[in-house]
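J.: Have a look at this prediction, sequence included:
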Amino acid sequence: MRQMAREYGDLARIDVVRTSLFLATHPDLVKDVLVTNNRLFGRGRGHLRMKLLLGDGLLTTDGETHKRQRRLVQPAFHRQRVEGYGETMAQRAEELAERWQDGSTVEVLGEMMALTLVIVANTLFGATVDDQVEEIGSALTATFELFGFALMPFSELFDRVPIPTTLRLRRARARLDATIYKIIADRRRSGRDHGDLLSMLLLAQDTGDEGDGGSMTDVQLRDEATTLFVAGHETTSNALTWTWYALSENPEAEAKMHAELDRVLGGRRPSAADLPRLPYTRAVLAESMRLYPPVWGMGRRALTAHTLGGYDIPRGSLVVVSPFITQRDPRFFPEPELFRPERWLDATAAERPRFSYFPFGGGSRQCIGEQFAWMEGVLLLAALGQRWRLRLVPGHKVEFNPLITLRPRYGMRMTLHSRS
Ligand code: HEM
């Protein structure tokens, strides 16, 4: 795809098995697809597979159904609510910082996956279900493993789900469902607000001008809870893993981040209130998601014929926008391959077009967890980074594995060095 963009410019076309695939890389075209004309585009057929796991949650629905669910889920992500989750995030990160051993080698992707899974489980389902969190975690992990390839954004172009995998997938999902439905039933019985995401989803009513006054059924609750689980843990753990890698490769940026953490926190646990005082740490995360966007591409199916950047897009074509490609465009990011957090702090930041950087997508499907993710990312970097320096194990091979998220193909083996 990078080669397509290099050779053919802002809009490239490739014909694959009776479908035309368009790669739109200029920020104006990205805006057209995600925002201005988003109603002309639907989810690709690849998402039918995601439905096996996620049912009719935010990630897999379109049109009116999507709009209604979005209205119902949105309140759970209001700033104040999200800030309330900061405590859990920092606490869980600190526990990991306690467990790490000086001089030992860890597989950082696995460590970050485990950490973000616990955090999303705790913020979704709260402390009331500590014993069940583990069960959900393992059922989910089993499902993810089977799902891996099916989560490729354009997998429909390459493959079909083999039957044995589908059967195993259904079994893993049944296990997951049993746990989640039990939690929902317990909650409905107790009727209390536990201050977590699930309580918000249970309490949500579709009021307001467009609303129908209804709330969510158990099936919808299950679908949204699973969606948030999936969307909220894999992405953040990849973002963090690539950030530790970038810091290991760029000791100067790392030193600046450490200086900021030492000055602002002085060794105490970070909290949501510290975020405005940690601009460099945030810039490190922003720069890492520029070079290594966890969601490297988004696919949309043209519901009608459409003109994009002066070219005809036939009905049924697949249009792909890619943060990975656009965010490495030298027109918007000089010396794009360099890791330079400063580009988020100087005057150039305000001059760049909005869609030169879109790790969270945009428009009506923009990531609902964006604030959650920024807070989690910065708090985890802060809590771990003030205690530890991570170094890539010499000779460890680092390669991209672009499934639905951008994973390091061989994981990320790093050595831990205590900073105290
Ligand atoms: C660094 C972390 C994250 C990144 C890079 C990320 C990225 C994205 C992107 C690019 C989309 C749009 C996909 C599209 O347009 O096809 C998206 C959607 C979504 N994200 Fe995130 N995400 C992150 C974290 C989270 C978290 C923490 C949650 C929840 C706790 C979450 C929940 C969702 C949901 C529910 C959607 C679907 C929204 C909709 O279609 O209405 N994400 N995310």
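T.: Everything's here; your move.
J.: Can you name the residue of the stretch 251-400 of the chain nearest to the ligand?
T.: Gly369 (2.2 Å; CB to the nearest ligand atom). Using the backbone N, CA and C atoms, a C-beta is placed for each residue, glycine as well.
J.: per-residue pLDDT, the residue in the stretch 101-250 of the chain that the ligand sits nearest to?
T.: Proximity of the stretch 101-250 of the chain to the ligand (CB to the nearest ligand atom) peaks at Gly232, 2.9 Å away. Gly232 is assigned a pLDDT of 84 by the prediction.
J.: Quick check: it touching Gly369?
T.: Yes. Using CB atoms under 8 Å, Gly232 makes contact with Gly369 at a distance of 5.3 Å.
J.: and the closest residue to Pro293 other than its chain neighbours, how many residues sit next to it?
T.: Nearest residue to Pro293 in three dimensions, chain neighbours excluded: Pro323, at 3.8 Å (CB to CB, 6 or more residues apart in numbering). Residues within reach of Pro323, counting by other CB atoms under 10 Å, total 25.
J.: Might you report the residue contacts of Gly267?
T.: Gln386 (CB atoms under 8 Å, 6 or more residues apart in numbering).
J.: my bad, should have said Asp15
T.: Leu21.
J.: Surely it is in a strand?
T.: Yes. Counting by DSSP: H, G, I helix; E, B strand; the rest coil, Asp15 falls inside a strand.
J.: what is it paired to in the beta sheet?
T.: Ser20 (DSSP bridges).
J.: From Phe22, how far out is it?
T.: 10 Å (CB to CB, to the nearest Å).
J.: circling back: mind checking the SS state of the residue of the stretch 101-250 of the chain closest to the ligand?
T.: Per three-state DSSP, Gly232 ends up helix.
J.: roughly how far apart are it and Phe372?
T.: Counting by CB to CB, the gap from Gly232 to Phe372 is 7 Å.
J.: likewise Thr61?
T.: From Thr61 to Phe372 the distance is 20 Å (CB to CB).
J.: which residues of the stretch 101-250 of the chain score low on pLDDT?
T.: Along the stretch 101-250 of the chain, segments meeting pLDDT under 70 span 127-134, 137-138, 141-166.
J.: what about 50?
T.: 128, 149-161 (pLDDT under 50).
J.: Touching stretch 58-67 from outside, list them.
T.: Here stretch 58-67 has contacts from 42-43, 47, 50-51, 54, 56, 69-70, 73, 210, 223-224, 227, 230-231, 364-365, 368, using CB under 8 Å, 6+ apart.
J.: And that stretch, what's buried?
T.: For stretch 58-67, the neighbour count (16 or more other CB atoms under 10 Å) marks Leu58, Leu59, Thr60, Thr61, His66 as buried.
J.: Likewise for stretch 379-396?
T.: Residues of stretch 379-396 classed as buried under the neighbour-count rule (16+ other CB under 10 Å) are 379-392, 396.
J.: With stretch 190-207 instead?
T.: Using 16+ other CB under 10 Å as the test for burial, stretch 190-207 gives His194, Asp196, Leu197, Leu198, Ser199, Met200, Leu201, Leu202, Ala204.
J.: And stretch 276-291, by the same measure?
T.: 278, 280-291.
J.: And the helices in the stretch 101-250 of the chain?
T.: 108-125, 130-147, 163-190, 197-203, 218-249 (DSSP state H, counting those that start in this stretch).
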